[in-house]
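# Attaching a predicted model along with its sequence, questions to come.
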Amino acid sequence: MSTVYYLVERTLARETSNRKETVSIAQVFVKKFMSILKPLPQTGDELLHLSAEPGDDLEDLLIVELAKAYLPNPLIVTRDKWFLQRQACQAAHPKEIVESGLNPWQPAESSPIPFIDLSVQQRLLQPKIQAAIHRVLRHGQYIMGPEIRELEEKLAEYVEAKHCITYASGTDALLIALIALDIGPGDEVITVPYTWISTAEVISLLRAKPVFVDIRCDTFNMDPDKLEAAITPHTRAVIPVGIYGQCADMTRINEIAGRYGIPVIEDAAQCFGATHHGKKACNLSVIGCTSFFPSKPLGCYGDGGAIFTSDDQLAEKMRQIRVHGQKVKHQHPLIGINGRLDTLQAAILLEKFKVFPEECLRRAEIGARYDALLSPIPGITVPFIAPGNTSVYAQYTILSDDRKALSQKLQAAGIPSVAYYTTPLHLQGAFADLRYKPGDFPVAEDVASRCLSLPMSPYITLADQERVAKAIRDT
Ligand SMILES: Cc1ncc(COP(=O)(O)O)c(C=O)c1O
């Protein structure tokens, strides 16, 4: 970093005698430069899959690869004939740029920004992921192959839970957690109305009753102040959700549920990698569930999920339920389901998990960058991260009083945005038999009417974030 700073400052110093200005410009430049440089692969393995042709220079190929890793359609401005002729990616001679009047460093105002860009990560990891997939194809253990156990060991160690059991989806993980707790008809399970339907769907699937508790207006997570009033003699579990990347107030929820002897199942589908008072999501109560849906913070290339627990008996039961209640081959002491994660997905996750801790840090930096850009804009509420929490920003979600106008304006600027959970669960047809009505959960309804999620990925560039901020400012 100091070398980059030295070079920039020295170059600028040639253009101006104002030292203060030079230092300040150099500092801003280096900061931006380093924020883009962060995802540089450190191993050099990216060279492995480069399809070199006779006469190719590996260094030039690497430049093309790295440019592609940062930008969807990079344009390399160079006098080098190799770039101009080989067409490994778009290249132009500086003369062409000057003659066309284009400024290639000006962000293309109309080129769309992906909402969740999975392609940069894929390009960075492609050779390793391909190799991992080929390993599975070679050993052929597509069901419960060695990668499943390896992944479970690594994830359990990361979360600091005794057991990790992987599943075919996050929904299966939640369902199996409830089956393992023997939840069924006549039982009540408390959760929130502002979440993806899976959280409550699995309760209804078991013919138990979802009981909703409103969310907090700042974190959009379960309001612990409203939990106790919802507990009845039939309450058999509480499922708080870590929405948009931040854990619920698990400390208070555990304390309240603990007083009644009610187990807490954390739905950490969106907040895997986040922390609550130094402890990792999924290790904050007796059972933690997560999802590996592709767009989740740790996503695979299909469906997947996992449960974490440090309770040996529950772990044993949840392992059995995953394979039709089977304890040893052809012996089924329990009723279960087919809920296994594919070996191929485990192999992919093992590679993705290697960069996951670094990606969590990047997500936090990107969230802070959005905060700095957007918080001065009137009419916008940026996410609130509760003291003691870190967020992985599965989504970067703001509140706006005029969401419709804002999202239209963003769309016109080539910037996608998504309003999630616009009809909270208590107002969904699937839960009509619960007889909730509008106004029952005013905070969830208010957040549902004003929330808007912006483009987010660990590799979104500062330039794209600035473009998003500018479009919001201009509305
Ligand atoms: C909060 C929450 N819970 C559960 C799930 C279910 O996960 P999956 O899609 O892997 O079944 C999701 C997925 O979107 C989710 O966001």
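Cool, got the structure.

# Quick check: the residue of the stretch 151-300 of the chain nearest the ligand.
Proximity of the stretch 151-300 of the chain to the ligand (CB to the nearest ligand atom) peaks at G170, 2.5 Å away. Just so you know, the C-beta spots here come from the backbone N, C-alpha and C atoms, and that holds for glycine as well.

# Does that residue touch I197 like I think?
No - G170 is beyond contact range of I197, at 11.7 Å (criterion: CB atoms under 8 Å).

# per-residue pLDDT, the most centrally placed residue in the chain?
Geometric centre of the chain, nearest residue: P297, 2.5 Å, by CA atoms, centre = their mean. With respect to pLDDT, P297 scores 98.

# That one contacts R362, doesn't it?
No - under the criterion of CB under 8 Å, P297 makes no contact with R362, lying 10.9 Å away.

# residues near E160, how many?
E160: 12 surrounding residues under other CB atoms under 10 Å.

# how about the one residue in the stretch 301-450 of the chain that gets nearest to the ligand, what does it touch?
Closest approach between the stretch 301-450 of the chain and the ligand, counting by CB to the nearest ligand atom: G305, at 4.8 Å. Residues in contact with G305, defined by CB atoms under 8 Å, 6 or more residues apart in numbering, are 166-173, 269, 289-292, 341.

# now check stretch 153-167, is it near the ligand?
No - residues of stretch 153-167 are not located near the ligand by CB under 6 Å from any ligand atom, the shortest gap being 8.5 Å.

# any residues touching that stretch, and which ones?
For stretch 153-167, the surrounding residues in contact (CB under 8 Å, 6+ apart) are 148, 151-152, 173, 176, 279-283, 288, 304-312, 315, 318-319, 322, 339-341, 346, 350, 353, 357.

# Now that we have the residues you listed, which of them are buried?
148, 151-152, 173, 176, 279-283, 288, 304-311, 315, 318-319, 322, 339-341, 346, 350, 353 (16 or more other CB atoms under 10 Å).

# Enumerate the residues of the chain near the ligand.
169-171, 195-196, 198-199, 241, 267, 269-270, 291, 293, 303, 305.

# One more pass at 5 Å, please.
Contact residues, the chain versus the ligand (CB under 5 Å from any ligand atom): 169-171, 195-196, 198-199, 241, 267, 269-270, 291, 293, 305.

# Out of these, which sit inside helices?
In helices, judged by DSSP state H, the following of those are found: G170, T171, S198, T199.

# buried subset of these?
Among those, those buried by neighbour count (16+ other CB under 10 Å) are G170, T171, S198, T199.

# would you turn these into TSV with pLDDT and distance to A180?
Shown next, in TSV, are those (pLDDT from 0 to 100; distance: CB to CB, whole Å):
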residue	pLDDT	distance to A180
G170	98	16
T171	98	15
S198	98	17
T199	98	17
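
# what element comes up after the lowest-mean-pLDDT helix or strand in the chain heading to the C-terminus?
The helix or strand of the chain with the poorest confidence is helix 94-100; it has a mean of 63 (mean pLDDT, DSSP states H and E). Counting by DSSP states H and E, the next helix or strand C-terminal to helix 94-100 is helix 119-139.

# So for that next one, mean pLDDT?
Averaged across helix 119-139, pLDDT comes to 96.

# hang on, the earlier thing: quick one, what contacts the residue of the stretch 151-300 of the chain closest to the ligand?
Listed by CB under 8 Å, 6+ apart, the contact partners of G170 are S198, D267, A269, C289, T290, S291, F292, F293, K296, G304, G305.

# residue contacts, the fifth one?
For T290, the residues meeting the contact criterion (CB under 8 Å, 6+ apart) are G170, A173, A268, A269, F272, A281, C282, K296, L298, G305, A306, F308.

# Which of the residues you listed fall within strands?
Using DSSP state E, G305, A306, F308 are the members of the contacts of T290 that sit in strands.

# need these in TSV with pLDDT, can you?
Output for the ones in strands among the contacts of T290, formatted as TSV (pLDDT from 0 to 100):
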residue	pLDDT
G305	98
A306	98
F308	98
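
# Adding distance to A471, write the residues you listed out as TSV.
Below are these laid out as TSV (distance: CB to CB, whole Å):
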residue	distance to A471
G305	35
A306	37
F308	39
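
# Next, the buried residues of stretch 364-380.
Neighbour counts over stretch 364-380 (16+ other CB under 10 Å) mark A364, I366, G367, R369, Y370, L373, L374, I380 as buried.

# in the sheet, who's paired with the residue nearest to the fifth one when sequence neighbours are not counted?
Of all residues beyond its chain neighbours, the one nearest Y370 is Y396 (5.3 Å), with distances taken as CB to CB, 6 or more residues apart in numbering. Y396 has the following beta-bridge partners by DSSP bridges: L454.

# Same check on V418?
S453.

# give the contact list for it.
V418 makes contact with F115, Q395, L452, S453 under the criterion CB under 8 Å, 6+ apart.

# which helix in this structure runs the most residues?
Secondary structure of the chain per DSSP H: the longest helix is helix 343-374.

# Packing partners of that helix?
If contacts are counted by 3 or more CB pairs under 8 Å, 6 or more residues apart in numbering; DSSP states H and E, helix 343-374 sits against helix 119-139, helix 146-159, strand 396-400, helix 462-473.

# Can you give me the neighbour number for G55?
Neighbour count of G55, defined by other CB under 10 Å: 7.

# Could you do L137 as well?
By other CB under 10 Å, the residues close to L137 number 11.

# can you pull the contacts of it?
Counted by CB under 8 Å, 6+ apart, L137 has zero contacts.

# any idea how far it lies from M144?
Going from L137 to M144 by CB to CB, to the nearest Å gives 16 Å.

# thinking again about what came up before, closest one of the contacts of V418 to K409?
For the contacts of V418, the closest approach to K409 (CB to CB) belongs to L452, at 11.1 Å.

# how about I265, phi and psi?
phi -110, psi 120 (degrees, to the nearest 10).

# beta partners for it?
Here I265, judged by DSSP bridges, has bridge partners I287.

# Now do the contacts for V136.
By CB under 8 Å, 6+ apart, the contact set of V136 is Y142, G145, E147, T343, L344, A347.

# isn't the last one right up against H139?
No - in terms of CB under 8 Å, A347 does not count as a neighbour of H139; the distance is 10.0 Å.
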